[in-house]
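In: no letters, just coordinates:
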Ligand SMILES: [Zn+2]
């Protein structure tokens, strides 16, 4: 089972196996390495690896200091099966997420048939309490998400389709009744984390996501500890194979996790690659505030170029259509017909960006993403400029990508100064720029995005 170079395992995965991070734990017995599908009930020193495919935190506070304070019920899967690990803890310090690679050492496997100790989807279980028992242990491998180990879904052979796999359309139209039904979906959007109070009066978290395949869209809602998994996921990229989802059919399917659900994150299968590439083609939606493409245009060269070509908007359109792959730079002379600085400032939307696929606005140069809680830099909202025109055409609001330098030349102030400008001064700035003729140095990379001009300098 140990990896050799060149077999597709990442160096992190090899490192994880050869040198488990919790080096202070040394096994005091010999443990047999087994695949999950080969586990059998009974006492035996065993070790196995797999991916976290479902988990649930059962908090059971006890006043006795030696006693466990709760249990993480984790379903761990590989391509041979799934097993339930009941991980008891005194310190609630364990952190995991769907898709994480895990290694378990244990001395006993039990059968959870007819009990609530393990779900039907993974009836074999092991109970471990590593903080108190020397003979069992668990390692959650860090940085293991992108590796390939244990990424093949259950019973997946490349030459055949997975039993029970259906499209979202078929699922919605009655496929949910099929035993072991599975859907393969791509994450479309990740909502904000919300707090809710359950029947017992405890507060917990939930997160609702949009998912889709080539036939339909659905929602997927996660509750409790498993919500944190979404911070490892990326819209239009992360693909989930969901087996036995909880469901409610409404206008569209509303999926959730129940005890029998298994989620394979970015499974190693051809269909997943196909779906991801479809997602990337479909969702090539326009970023609300695309970053300046510094790697595409050499503005220094343009600045010092001996030939400076003045284009009309009609010329650009014609040139870009005739030479769709050509990258070209030049100047346009245009009027700004509308400015929305004051309105947008009042709406607290002067600066913007996208993080985790969600638009983020504020009247400050950084903002906090509601999804990942990271502080991200914001750029000036291009919508403060309304349509621009010349004698031959028009470019609508938000279609220009200004470099930081170009913004500063146009507005006469840095982003930091802009967000701290009085409303009266902003109103004056609007009046000064309205119907002003400006020369804009532009670049156009021509790849089908006529109208999205990159402005690298402004001359008034
Ligand atoms: Zn984010």
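Out: Now that the structure is in, tell me what you want to look at. None of the values given here were measured: they were computed from a predicted structure.
In: just the helices in this protein please.
Out: 11-18, 168-172, 270-282, 299-304, 313-322, 341-346, 404-411, 415-419, 423-433 (DSSP state H).
In: if we look at the last one, which residues are touching it?
Out: Think helix 423-433. Helix 423-433 has contacts (Cβ atoms under 8 Å, 6 or more residues apart in numbering) with 336, 339, 341, 342, 345, 346, 410, 411, 412, 421. All C-beta spots, glycine's among them, are computed from the backbone N, C-alpha and C.
In: around the ion, which positions in this protein sit nearby?
Out: 355, 356, 369, 371, 372 (Cβ under 5 Å from the ion).
In: how about the closest residue to the ion within the stretch 151-300 of the chain, nearest residue that isn't a chain neighbour?
Out: With Cβ to the ion, the shortest gap between the stretch 151-300 of the chain and the ion falls at residue 231, namely 7.9 Å. Counting by Cβ to Cβ, 6 or more residues apart in numbering, residue 231 lies nearest to residue 372, which is 5.1 Å off, once chain neighbours are set aside.
In: re the thing from before, and the residues of the chain next to the ion, which are buried?
Out: Among these, those buried by neighbour count (16 or more other Cβ atoms under 10 Å) are 355, 356, 369, 371, 372.
In: any chance of those in a markdown table, plus distance to residue 310?
Out: Shown next, in a markdown table, are those (distance: Cβ to Cβ, whole Å):
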| residue | distance to residue 310 |
| --- | --- |
| 355 | 38 |
| 356 | 41 |
| 369 | 41 |
| 371 | 44 |
| 372 | 44 |
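In: in JSON lines, list the residues you listed along with pLDDT.
Out: Listed next are these as JSON lines, based on pLDDT from 0 to 100:
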{"residue": "355", "pLDDT": "87"}
{"residue": "356", "pLDDT": "80"}
{"residue": "369", "pLDDT": "89"}
{"residue": "371", "pLDDT": "80"}
{"residue": "372", "pLDDT": "84"}
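In: find me the pLDDT at the most far-flung residue of the chain relative to its centre, would you?
Out: Outermost residue of the chain with respect to the C-alpha centroid, by Cα atoms, centre = their mean, is residue 306; its distance is 45.6 Å. Looking at residue 306, its pLDDT reads 73.
In: could you chop this protein up by domain?
Out: The chain breaks down into these domains under automatic domain parsing: 11-140, 176-282, 299-342+383-459.
In: export these to TSV and append columns for distance to residue 148.
Out: Converted to TSV, those look like this (distance: least, Cβ to Cβ, whole Å):
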stretch	distance to residue 148
domain 11-140	8
domain 176-282	6
domain 299-342+383-459	32
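In: all strands of the stretch 101-250 of the chain, in order?
Out: According to DSSP state E, counting those that start in this stretch, the stretch 101-250 of the chain carries its strands in the segments 101-111, 124-128, 137-140, 165-166, 182-190, 194-197, 203-212, 217-223, 239-243, 246-249.
In: and of those, who's closest to residue 57?
Out: Residue 57 sits nearest to strand 203-212 of all the strands of the stretch 101-250 of the chain, at 9.6 Å, using Cβ to Cβ.
In: that closest one pairs with which strands, and in what direction?
Out: Strand pairing for strand 203-212, using DSSP bridges, gives strand 182-190 (antiparallel), strand 194-197 (antiparallel), strand 217-223 (antiparallel).
In: got the angle for it vs strand 239-243?
Out: If you take axes from the mean of the first three to the mean of the last three Cα atoms, to 10 degrees, strand 203-212 sits at 110 degrees to strand 239-243.
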